[in-house]
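Trainee: What would the 3D arrangement of this be:
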Amino acid sequence: MNRINFAHCSGVIVDVCKGHGIWFDRDELREIVEFIRGGGLELSRQKEKNELEFERAQLRMEQMVAAGREHSHSFGYSDEDRAAGISATGALLKFLLE
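Mentor: Numbering: from 1, shown residues only. Below you'll find the predicted structure:
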């Protein structure tokens, strides 16, 4: 059995058995239903989505930096490079301001 925080942020710790499923202690199922009805599941999904966008933006920035090192003799950037940089910066700002 493993103990996990339902939706990684609900505060409801449930017991999970790989072979047999989820086991609920007293009131845990009710607390999970309240969490979902209160919009907690959607907030959790949005948070995960924002984290993925941030990681993608960070990867794009790292790729641009690496490409810049390879072409350090040239200061010209393509429109595609500029667009990727703007997109990555926007995702970073969005992640930091939430």
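Trainee: Run through the neighbouring helices and strands of the top helix by length along the chain.
Mentor: Ranked by residue count, the top helix of the chain under DSSP state H comes out as helix 40-70. Counting contacts by 3 or more Cβ pairs under 8 Å, 6 or more residues apart in numbering; DSSP states H and E, helix 40-70 packs against helix 79-97. Every C-beta, even on glycine, is put in place using the N, C-alpha and C of the backbone.
Trainee: Might you list the low-confidence residue ranges for the protein?
Mentor: In the predicted model, the chain carries pLDDT under 70 at residues 69-79, 81-82, 95-98.
Trainee: How is it divided into domains?
Mentor: Here the chain is described, according to automatic domain parsing, as comprising the domains 2-38, 42-97.
Trainee: can you redo the ones you listed as CSV with mean neighbour count?
Mentor: Written out in CSV, the entries for the domains of the chain read as follows (neighbours: other Cβ atoms under 10 Å):
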stretch, mean neighbour count
domain 2-38, 13
domain 42-97, 12
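Trainee: wait, what's in contact with residue 22?
Mentor: Residues counted as contacts of residue 22 (Cβ atoms under 8 Å, 6 or more residues apart in numbering) are 14, 15, 16.
Trainee: Centre of the chain to the longest helix of the chain, how far?
Mentor: Between the centre of helix 40-70 and the centre of its chain there are 8 Å (Cα atoms, centre = their mean, to the nearest Å).
Trainee: On the three-state scheme, residue 25 is what?
Mentor: What DSSP: H, G, I helix; E, B strand; the rest coil gives for residue 25 is coil.
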